[in-house]
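S.K.: Could you look at this predicted model? Sequence included:
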Amino acid sequence: MSKTAKPDPIRSIVIAVDGTAASGKGTLAKKLAAHFGFAHLDSGALYRLTALSVLEKNGDPSNEADALKGAQTIDFNRAGDPAIRTDIVGKAASQVAAIPAVRDALLDFQQNFLAHPPGGSPGAVMDGRDIGTVICPSAAAKLYVDARLDIRARRRWTELKAMGIRRAEQDVVAELEARDAADKSRPVSPLKQAADADLLDTSDLGIDAAFAAALALVSPKVDGALKDRHRG
Ligand code: C5P
């Protein structure tokens, strides 16, 4: 049996933020964590660090042995390294993420983070693709963040430009489209909206408006969970 099928042991208050690439989920997750005083983990960084480890060893991200070795040799100190934010690493991250052994290797780290948020925080916010569906199906609040492809591509193009990476916008559109299609169609932990997740479309919202909308959806659930915790 795959490890991903094991029961969910998490008791802390979890906000799961899943969604498509460049939908704004990472920014929203960070802002939600700051608002509630919760810990935050960008789970995509784990797959990007795995991919970086594979690429730096001249390995093949779609080869199971190479990818698993990458997951087992992640250098967490490089989570803030701009090298993991390139499109090449993003594509390789999507390839390693489709391999069940890689997902299993990263599962415990993510569930431990949620069960014991760093700093003794009562809760944690995690963003990714399968947080509400696989990593923590019992999350107190779940958001599924999406936006139109052209809008997401423009955001990513602007981000890359700020990092000094100049790309044709239509190439960014094609890459995001291909990566989302791969993430949604893979047999293991595909990207999909959990049945109990709230959909937030950020296409026509700036950061402040998107955060206000996220907070309106999440706050009643988190406040309810905090009250239950104090009672219990
Ligand atoms: O979110 P980000 O774009 O950094 O994620 C990079 C890739 O990592 C995604 O395209 C996806 O394939 C993979 N990923 C995943 N599950 C997660 C987070 C990321 O499969 N929870």
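M.R.: Okay, I see it. Given the structure is predicted, the values throughout are model-derived calculations rather than measurements.
S.K.: Could you use CA atoms for every contact and neighbour count after this?
M.R.: Will do.
S.K.: Spit out the contact partners of the spatially most central residue of the chain.
M.R.: For the chain, residue 128 is the residue whose C-alpha lies nearest the centre (CA atoms, centre = their mean; 1.6 Å). Each residue near residue 128 by CA atoms under 8 Å, 6 or more residues apart in numbering is listed here: 17-19, 42-44.
S.K.: Between the residues you listed, which sits nearest the ligand?
M.R.: Nearest to the ligand, judged by CA to the nearest ligand atom, of these is residue 44 at 3.6 Å.
S.K.: wait, isn't the closest one in contact with residue 130?
M.R.: No - using CA atoms under 8 Å, residue 44 is not in contact with residue 130, being 10.3 Å away.
S.K.: of the two, who's got more company?
M.R.: More crowded of residue 44 and residue 130, by other CA atoms under 10 Å: residue 130, with 23 against 20.
S.K.: Counting neighbours, which of the contacts of residue 128 end up buried?
M.R.: 17-19, 42-44 (16 or more other CA atoms under 10 Å).
S.K.: show me which of the residues you listed neighbour the ligand.
M.R.: Among those, the residues lying close to the ligand (CA under 6 Å from any ligand atom) are 43-44.
S.K.: So which of the buried ones among the contacts of residue 128 are in helices?
M.R.: Using DSSP state H, the subset of the buried ones among the contacts of residue 128 located in helices is 43-44.
S.K.: and residue 125, what element?
M.R.: strand 123-128 (DSSP states H and E).
S.K.: check whether the helix or strand just after that strand contacts the ligand.
M.R.: Following strand 123-128 in sequence order, the next helix or strand is strand 141-146 (DSSP H and E). No - applying CA under 6 Å from any ligand atom, one finds strand 141-146 separated from the ligand by no less than 11.6 Å.
S.K.: For this structure, which segments count as helices?
M.R.: Using DSSP H, the helices of the chain run over residues 25-36, 43-56, 64-72, 87-97, 100-115, 149-162, 169-185, 207-231.
S.K.: ok, what's across the strand from the residue nearest to the centre of the chain?
M.R.: Note on residue 128: beta-bridge partners by DSSP bridges are residue 18.
S.K.: okay, it: pLDDT?
M.R.: The confidence metric pLDDT takes the value 98 at residue 128.
S.K.: Equivalent analysis for residue 116, please.
M.R.: For residue 116, the model assigns a pLDDT of 95.
S.K.: ok, now residue 45?
M.R.: Residue 45 is assigned 98 on the pLDDT scale.
S.K.: Surely it and residue 84 touch.
M.R.: Yes - under the criterion of CA under 8 Å, residue 45 makes contact with residue 84 at 7.5 Å.
S.K.: before we move on, back to that, out of the helices of the chain, indicate the one that is most buried.
M.R.: Highest mean neighbour count of the helices of the chain: helix 43-56, a mean of 24 (counted as mean count of other CA atoms under 10 Å).
S.K.: relative to strand 123-128, how tilted is it?
M.R.: Interaxial angle of helix 43-56 relative to strand 123-128 (axes from the mean of the first three to the mean of the last three CA atoms, to 10 degrees): 50 degrees.
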